[in-house]
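J.: return a 3D structure for these sequence lines:
(2 chains)
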Protein chains: 2
Amino acid sequence: MNPGDRVRVERADVTNEGVLMPSSTAEHLVIKLDGGYNVGVDREAASVDVLESDVHVVDDEPDPEAGDVSEITFDDDLPTISLISTGGTIASTVDYRTGAVTARFDAEDVLRAVPDLAGRANYRGRVVANILSENMDPSIWQDLAHAVHEEIAAGADGVVVMHGTDTMQYSAAALSFILETPVPIVLTGSQRSADRPSSDNVMNAVCAVEAAKSDCAEVLVCMHADESDDACALHRGTRVRKNHTSRRDAFETVGAKPLGEIDYETATEDGSDGAVADEAITLRREYASRGETLDIEPDLAADVELATFAPGMDPAAWEYLEDAAGVVVAGTGLGHVHTDLIPRIEALVDDGTPVVMTSQCLEGRVCDRVYDTGRDLLDAGVIEGGDMLLETAMVKLMWAVANADDVAGTMRTSLAGELTAESRPWR
Amino acid sequence: MNPGDRVRVERADVTNEGVLMPSSTAEHLVIKLDGGYNVGVDREAASVDVLESDVHVVDDEPDPEAGDVSEITFDDDLPTISLISTGGTIASTVDYRTGAVTARFDAEDVLRAVPDLAGRANYRGRVVANILSENMDPSIWQDLAHAVHEEIAAGADGVVVMHGTDTMQYSAAALSFILETPVPIVLTGSQRSADRPSSDNVMNAVCAVEAAKSDCAEVLVCMHADESDDACALHRGTRVRKNHTSRRDAFETVGAKPLGEIDYETATEDGSDGAVADEAITLRREYASRGETLDIEPDLAADVELATFAPGMDPAAWEYLEDAAGVVVAGTGLGHVHTDLIPRIEALVDDGTPVVMTSQCLEGRVCDRVYDTGRDLLDAGVIEGGDMLLETAMVKLMWAVANADDVAGTMRTSLAGELTAESRPWR
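T.: Numbers count the residues shown, from 1 in each chain, chains lettered A, B, ... in the order given. Have a look, this model is predicted:
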């Protein structure tokens, strides 16, 4: 059997049928099901029947009847959008149609995979990784930032990053701190794969391209706004969180409405052209407009740790933090931990490790000036995280330790909308 | 100077004036401000003026004009509600009026502190602790459970627990698993202390007493339903989370509407008597009605740890888990971690440590049967946490390890509403 063969695989009473894909490990077979979904099967004790050979070559032929585009012509009137793939459910759409998992990914592949994108832009395609997003790490964030930087330097009018949803919020935060961008950088993904009737992949991709054509030169996350197919929400990359395991509208701007949205009906009206973005997009708040400056500061101190407080925890559990470059504490309420942990935090600070306090509450802001515990934490040298999301605070601290002379001052200053002004005194 | 003196304390340009309270540490002075709020001041370098001696003795005299009740008569027509104090902002109301921090706390004190409670029930008062809730730990949950058990055994028709808000959700979960109760057990607290115009302490206390008189024999959290003063929400103790640092309606039932609510206007109508609860309370879903069975299984394996996954984390950070009695992992999305962490989890399981997977998403449920990573985790022996809140899962695992023969089976079975049935297949 070879990648490209149509196979039936049986293991432990489960049968999967589809196209055998290249696998990154020797232990697993990867099978692309007919709907475009990948499953992995332990090779050990699996029985494989090859049903047909080299099936993916057939799939690779463009089919004009199905809306495939066989010849890509560059249209001077359209903006150029760079599509960067990192993996995840949304990328499997592209993989399925092309039959390629990690190799080529060009404009033709994009349009063959999502024909609805045709006529909206000229496309450039690029693959940075092909991983499930739980395997993302700071070094891949850096690779991604360099790729985005190169695409913009090469003339892209906007960038769309296809990303798994599980750690999209971390990658969006990393790009927000690493890059200063003159064009939109829009992350999108898919909560339901292409084989499911409720798949969100086409709509999210179309809306992300429209957002990438807009005037909003920020790092954005573009995903379903609600359970209907009416609109995609645009979330600022430093204020967004995946708050539901499976819903299509899992992503939320924490503590506020999203920055804006893309109306899908307007975005897909007949006769749509390069100007459609202006009509389809609504931006509710102040945002950074398109500009000239492109800059990258990619250094990250990867060994920043997130330490979650819980009642009953053993203070010794935090011994490993002694080697960290920085620590973000997920505290209770206004930003507290058990009194017994305060000397440990003080020792870290005295040892030169910046410690940032955030709250498990998600919404609101830490305020350590009210209760004894909070004042003791401030005395110990804790940096208050304001209303930063704890995931964002962790990524920002990685960046601040590597790039800032004044880490505490940098953490207290909003660099990319991650801190918002108090709407009222908390009392 | 002695506790009970009215003092002015200056330290580092900050002046506080109020009644000196007994302090549990030699390093701090505790001053009860006029509004009932406690502040702690570092004794070192603080200058103290005694303005008046023994002020709290004066405050201890009942004042009928102010609604104080000087003689408590037992009313056979009213239910008996036990009020148990553990500390936190709401308890400071009681402390202020009585001038006592940890000592006596009886029916007279309750009514002097919150006169609005008069006429609703016969009260018993009891102090289990007087701590900020970030200092709660499993041994205090056990003390609290024993106290609740004793109060119910002594004839209480309902129990109200006054608790700091920061870890109230953990204590509510602990009581839910430890106790089988024939009467309501209602936790309440206060997000704003009595000295602030927007204080929620009186309304939360009144609504909690009404809830404790109701037919709902479950562990409930009773807090403001929204930013107005119209109603308090009743949250099931295993499904509730503090989702905002400072709002009065910080507590939310995750993924659903609250179990019920108390309409404050109805609860405070003139002529209210013991029957008012029936009109003021709305219960939206199935609940456990009052019954006969009172039981307690207080054992907890306190050394269960909560391990939060984050991209870029050092797998060595989880070495300390080797000594844990159980581990709850806060994973991404459907319940994933970086592939590199799976062997570490497998080693824990092989060593006999139960490992439960939950999601950082808050809403939705983990499902490890779809993606490679999830199947690998199941192969490693991970117990799926379903839609349990990660805080609830941690407390439940403490209880399950100490009490259940089949820990995995117990974790997968809903004991106190902590797991809800799937409303639809997640796909």
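
J.: for the stretch 151-300 of chain A, what lies in contact range of chain B?
T.: Of all the residues in the stretch 151-300 of chain A, those in contact range of chain B (CB under 8 Å from any CB of the partner chain) are A:165-167, A:170, A:192, A:196, A:242-247, A:250. For every residue, glycine as well, the C-beta is placed using N, CA and C.

J.: and if we set it to 10 Å?
T.: Proximity of the stretch 151-300 of chain A to chain B is assessed by CB under 10 Å from any CB of the partner chain, with A:164-171, A:174, A:191-193, A:195-198, A:241-247, A:250, A:252, A:254-255, A:300 identified as the residues in range.

J.: which of those count as buried?
T.: For those, burial is judged from neighbour counts taken by 16 or more other CB atoms under 10 Å in any protein chain shown, and it is met by A:164-171, A:174, A:191-193, A:195-196, A:241-247, A:250, A:252, A:254-255, A:300.

J.: how close does the closest residue to residue A:410 other than its chain neighbours get to chain B?
T.: Leaving out its chain neighbours, the residue that sits closest to residue A:410 by CB to CB, 6 or more residues apart in numbering or on different chains is residue A:404, at 3.9 Å. With distances taken as CB to the nearest CB, to the nearest Å, residue A:404 is found 18 Å from chain B.

J.: give me the neighbour count for residue A:404.
T.: As a burial measure, residue A:404 scores 18 neighbours (other CB atoms under 10 Å in any protein chain shown).

J.: flag the shaky bits of the stretch 51-200 of chain A, pLDDT-wise.
T.: Scanning the stretch 51-200 of chain A for pLDDT under 70 picks out the ranges A:54-73, A:89-107, A:195.

J.: and with 80 instead?
T.: Across the stretch 51-200 of chain A, the stretches falling below the confidence threshold (pLDDT under 80) are A:53-74, A:87-114, A:130, A:193-197.

J.: got the CA positions of stretch A:143-158 in PDB?
T.: C-alpha atoms of stretch A:143-158 as PDB (Å, rounded to 0.1, in the frame of the first residue of the first chain):
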ATOM      1  CA  ASP A 143       8.200  30.500  12.000                       C
ATOM      2  CA  LEU A 144       4.600  31.700  11.300                       C
ATOM      3  CA  ALA A 145       5.500  35.400  12.100                       C
ATOM      4  CA  HIS A 146       8.500  35.200   9.700                       C
ATOM      5  CA  ALA A 147       6.300  33.800   7.000                       C
ATOM      6  CA  VAL A 148       3.600  36.500   7.500                       C
ATOM      7  CA  HIS A 149       6.400  39.100   7.500                       C
ATOM      8  CA  GLU A 150       7.800  37.800   4.200                       C
ATOM      9  CA  GLU A 151       4.400  37.600   2.500                       C
ATOM     10  CA  ILE A 152       3.600  41.200   3.400                       C
ATOM     11  CA  ALA A 153       7.100  42.400   2.400                       C
ATOM     12  CA  ALA A 154       6.500  40.600  -0.900                       C
ATOM     13  CA  GLY A 155       3.400  42.700  -1.500                       C
ATOM     14  CA  ALA A 156       0.500  40.800   0.000                       C
ATOM     15  CA  ASP A 157      -2.400  43.200   0.700                       C
ATOM     16  CA  GLY A 158      -3.600  41.000   3.500                       C
END
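
J.: just the buried positions in that stretch, please.
T.: Within stretch A:143-158, the residues that qualify as buried are A:144, A:145, A:147, A:148, A:149, A:151, A:152, A:156, A:157, A:158, counting by 16+ other CB under 10 Å.

J.: distance of the second one from residue A:184?
T.: If I follow you right, that is residue A:145. Separation of residue A:145 from residue A:184 (CB to CB, to the nearest Å) stands at 15 Å.

J.: then the fourth one?
T.: Using CB to CB, one obtains 11 Å as the distance from residue A:148 to residue A:184.

J.: just give me the residue right at the centre of chain A.
T.: residue A:168 (2.2 Å; CA atoms, centre = their mean).

J.: surely that one and residue A:161 touch.
T.: Yes: counting by CB atoms under 10 Å, a contact exists between residue A:168 and residue A:161, whose distance comes to 8.8 Å.

J.: overlap of the contact sets of the two?
T.: Residues touching both residue A:168 and residue A:161 (CB atoms under 10 Å, 6 or more residues apart in numbering or on different chains): A:86, A:187, A:188, A:189, A:221.

J.: can you tell me the closest non-neighbouring residue to the third one?
T.: When you say that, I think you mean residue A:188. Spatial nearest neighbour of residue A:188, excluding adjacent residues (CB to CB, 6+ apart): residue A:208 at 3.8 Å.

J.: the residue nearest to residue A:410 and residue A:412 touch, don't they?
T.: No: using CB under 10 Å, residue A:404 is not in contact with residue A:412; the gap is 11.1 Å.

J.: helix/strand/coil for residue A:278?
T.: Going by DSSP: H, G, I helix; E, B strand; the rest coil, the secondary structure assigned to residue A:278 is helix.

J.: now for it, how many residues are close by?
T.: The criterion is other CB under 10 Å. On that basis, residue A:278 has 12 neighbouring residues.

J.: name the element the residue nearest to it when sequence neighbours are not counted belongs to?
T.: Spatial nearest neighbour of residue A:278, excluding adjacent residues (CB to CB, 6+ apart): residue A:214 at 7.8 Å. For residue A:214, there is no host helix or strand (DSSP states H and E).

J.: quick one: contacts for the closest residue to residue A:285 other than its chain neighbours?
T.: Taking CB to CB, 6+ apart, and ignoring the residues beside it in sequence, residue A:285 has residue A:259 as its nearest neighbour in space, at 5.7 Å. The neighbours of residue A:259, taking CB under 10 Å, 6+ apart as the test, are A:211, A:216, A:218, A:220-221, A:233-237, A:239-240, A:253, A:282-287, A:417.

J.: what about those residues, which are in strands?
T.: Judged by DSSP state E, strands contain the following of the contacts of residue A:259: A:220, A:221, A:233, A:234, A:235, A:236, A:240, A:253, A:282, A:283.

J.: spell out which residues are contacts of both of residue A:148 and residue A:184.
T.: With contacts taken as CB under 10 Å, 6+ apart, the residues that reach both residue A:148 and residue A:184 are A:156, A:159, A:219.

J.: how about the residues you listed in TSV, adding distance to residue A:47?
T.: Putting the shared contacts of residue A:148 and residue A:184 into TSV (distance: CB to CB, whole Å) gives the following:
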residue	distance to residue A:47
A:156	47
A:159	44
A:219	47
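
J.: now, which of these sits nearest chain B?
T.: When these are compared for distance to chain B (CB to the nearest CB), residue A:219 wins out at 16.4 Å.

J.: pull the contacting residues for the nearest residue to the closest one once chain neighbours are set aside.
T.: The spatial neighbour of residue A:219 that comes closest, neighbours along the chain excluded (CB to CB, 6+ apart), is residue A:237 at 3.5 Å. When the contact criterion is CB under 10 Å, 6+ apart, the partners of residue A:237 are A:168-177, A:185-187, A:218-221, A:259, A:392, A:395, A:416-418.

J.: can you say which of those are buried?
T.: Neighbour-count burial (16+ other CB under 10 Å) is assigned, among the contacts of residue A:237, to A:168-177, A:185-187, A:218-221, A:259, A:392, A:395, A:416-418.

J.: show me where the stretch 1-150 of chain A has helices.
T.: Taking DSSP state H, counting those that start in this stretch as the criterion, the stretch 1-150 of chain A contains helices spanning A:55-59, A:89-98, A:107-113, A:138-153.

J.: show me what residue of the stretch 301-427 of chain A gets nearest to chain B.
T.: residue A:364 (2.9 Å).

J.: return the residues in contact with that residue.
T.: Residue A:364 neighbours (CB under 10 Å, 6+ apart): A:254-255, A:333-335, A:387, A:426, B:242-247, B:250.

J.: residue most distant from the centroid, chain A?
T.: Farthest-from-centroid check, chain A (CA atoms, centre = their mean): residue A:372, 38.3 Å.

J.: walk me through the domains of chain A.
T.: If the domains of chain A are taken from automatic domain parsing, they occupy A:6-56, A:60-296, A:304-412, with pieces of a single domain joined by a plus sign.
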